[in-house]
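[1] With the sequence up front, the predicted model follows.
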Amino acid sequence: MRGFTFLVVAAVAGFGVMATAPKAEAQVNVTVGAAPDCPYGYYDTAPYDCAPVGYYGPEWFSGEVFIGAGPWFHGADDFRGNVNNRLHPQNGYNGPMPKRGEKAEPAKRIDSAHFQGNEARDGRGHVAEDRK
């Protein structure tokens, strides 16, 4: 009987502690500012540094303006664009990178005939099933 009484007292004490404990509320805070001002586009993963010429294919540009990738892109849901992910630092690239605010050099622009993309992505940085 003593063991049963101890169990009941422990259960009541446990319920009492749980009833008076403050409730924790989870918070998620996502802040997306303006897209980086990069001459050849920016990487589609944080910290969104400027990508070098040749990372994005010509379908990512409208004239000389980069149409976007990552959290700033609000294009069509079925958008698919080619990238050359060999020029991504996560894949070992450590070559020259443009700085934010630099202007594109038209002589460096890679046209569709010379672009060497190896992966298709949607505008939000996800690998797409099909290549264009």
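    Great, that's in hand. Here the structure is a predicted model, which is why all the values come from computation and not from measurement.

[2] List the contacts of Phe61.
    Each residue near Phe61 by Cβ atoms under 8 Å, 6 or more residues apart in numbering is listed here: 41, 67. Just so you know, the C-beta spots here come from the backbone N, C-alpha and C atoms, and that holds for glycine as well.

[3] Okay, and the beta partners of it?
    As for beta bridges, Phe61 partners with Phe66 under DSSP bridges.

[4] and the residue nearest in space to the middle of the chain, backbone torsions?
    The centre of the chain sits closest to Thr45, judged by Cα atoms, centre = their mean, with a distance of 3.6 Å. Dihedral pair for Thr45: phi -130, psi 150, per degrees, to the nearest 10.

[5] Near the closest residue to it other than its chain neighbours, how many residues? Count them for me, please.
    Closest residue to Thr45 in three dimensions, ignoring its sequence neighbours and counting by Cβ to Cβ, 6 or more residues apart in numbering: Gly125, at 6.2 Å. Gly125 has 16 neighbouring residues, counting by other Cβ atoms under 10 Å.

[6] what distance separates the start and the end of stretch 55-63?
    The first and last residues of stretch 55-63 sit 17 Å apart, counting by Cα to Cα, to the nearest Å.

[7] How far does it sit from its chain's centre?
    Here stretch 55-63 shows a centroid-to-chain-centroid distance of 18 Å under the convention Cα atoms, centre = their mean, to the nearest Å.

[8] Check stretch 72-79 too.
    Distance, stretch centre to chain centre, for stretch 72-79: 14 Å (Cα atoms, centre = their mean).

[9] try stretch 34-49
    For stretch 34-49, the distance to the chain centre is 10 Å (Cα atoms, centre = their mean).

[10] Need the CA coordinates for it. PDB is fine.
    Provided in PDB are the C-alpha atoms of stretch 34-49 (Å, rounded to 0.1, in the frame of the first residue of the first chain):
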ATOM      1  CA  ALA A  34      16.400  43.100 -51.500                       C
ATOM      2  CA  ALA A  35      18.200  40.800 -53.900                       C
ATOM      3  CA  PRO A  36      21.900  41.400 -54.100                       C
ATOM      4  CA  ASP A  37      23.100  43.800 -56.900                       C
ATOM      5  CA  CYS A  38      25.300  41.300 -58.800                       C
ATOM      6  CA  PRO A  39      26.400  41.700 -62.500                       C
ATOM      7  CA  TYR A  40      25.900  38.000 -63.400                       C
ATOM      8  CA  GLY A  41      23.400  36.900 -60.800                       C
ATOM      9  CA  TYR A  42      23.800  35.500 -57.300                       C
ATOM     10  CA  TYR A  43      24.100  32.000 -55.900                       C
ATOM     11  CA  ASP A  44      20.700  30.500 -55.000                       C
ATOM     12  CA  THR A  45      21.900  29.500 -51.500                       C
ATOM     13  CA  ALA A  46      22.800  31.600 -48.500                       C
ATOM     14  CA  PRO A  47      24.700  33.800 -48.100                       C
ATOM     15  CA  TYR A  48      23.700  34.700 -51.700                       C
ATOM     16  CA  ASP A  49      27.100  35.900 -52.800                       C
END
